[in-house]
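1. Everything below, folded, please.
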Amino acid sequence: SEGAPRPMLETGHLNDSLGSPGQKDISHLNVPFCGTIKGGMRPGKKIVVMGIVDPNPESFEISLCCGDTDVPPADVALDLQARFPDRQFMRNAFVSGEWGEEETPIPYFPFIPDQPFRVSE
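-> Next up is the predicted model:
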């Protein structure tokens, strides 16, 4: 879709528990991408998303969901949205069928059209 990042993963896997730590090859994924985190999230586990911003972006979104059900809708533990027209990076969560209040925790907008980015949580 227009404005979507072209994601890449350092190891070709969703987390270090699936690939060898020293592996440095780059894998390209289709957007939108949906996958699972082996072993789930737990304290101390880190997620790194790398990509290249579209040359003419409107926005892109990274969502960490708790399952993939539509009825009832799955909780979204973390939803990150980069909005280029107003240069905002928004953070939110969807829990028990309700969105929380959007947060804008960063003082600057770090994303540049047609340039690589790295987000880690």
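2. What is the neighbour count of residue 111?
-> Residue 111 has 19 neighbours, counted by other Cβ atoms under 10 Å. (Each C-beta comes from the backbone N, C-alpha and C, glycine too.)
3. where does it land in three-state SS?
-> coil (DSSP: H, G, I helix; E, B strand; the rest coil).
4. Could you list which residues are in contact with it?
-> 53, 57, 82, 84, 89, 117 (Cβ atoms under 8 Å, 6 or more residues apart in numbering).
5. With residue 100 instead?
-> 92-94.
6. circling back: how about CSV for the contacts of residue 111, with secondary structure added?
-> CSV is the format used below for the contacts of residue 111 (three-state DSSP):
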residue, secondary structure
53, coil
57, coil
82, strand
84, coil
89, strand
117, strand
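7. out of those, who has the most neighbours?
-> residue 82 (22 neighbours).
8. So what sits opposite that residue in the bridge?
-> For residue 82, the beta-bridge partners under DSSP bridges are residue 60, residue 89.
9. ok, back up a step: out of the contacts of residue 111, which one sits closest to residue 104?
-> Among the contacts of residue 111, residue 89 lies closest to residue 104 (Cβ to Cβ), at 6.8 Å.
10. was I right about the closest one contacting residue 107?
-> No. Between residue 89 and residue 107 there is no contact under Cβ atoms under 8 Å: 10.2 Å.
11. Just the buried subset of the contacts of residue 100, please.
-> For those, a burial check counting by 16 or more other Cβ atoms under 10 Å picks out 93-94.
12. Show only the entries of the contacts of residue 100 found in helices.
-> Taking DSSP state H, every one of the contacts of residue 100 sits outside helices.
13. For residue 45, state which of the contacts of residue 100 is nearest.
-> The closest of these, once distances to residue 45 are taken by Cβ to Cβ, is residue 93, at 17.5 Å.
14. Touching, that closest one and residue 80? I think so.
-> No. With contact defined as Cβ under 8 Å, residue 93 does not count as touching residue 80 (10.5 Å).
15. Off-centre distance for stretch 101-109?
-> 16 Å (Cα atoms, centre = their mean, to the nearest Å).
16. Export only the CA atoms of it, formatted as CSV.
-> In CSV, the C-alpha atoms belonging to stretch 101-109 read as follows (Å, rounded to 0.1, in the frame of the first residue of the first chain):
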residue,chain,number,x,y,z
GLU,A,101,-5.7,7.5,24.5
GLU,A,102,-3.1,8.1,21.7
GLU,A,103,0.4,9.2,23.0
THR,A,104,3.0,11.2,21.2
PRO,A,105,6.1,10.6,23.3
ILE,A,106,8.9,11.8,21.1
PRO,A,107,9.8,15.5,20.6
TYR,A,108,10.9,15.1,16.9
PHE,A,109,9.9,13.1,13.9
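17. I'm done for today, thanks for sticking with me.
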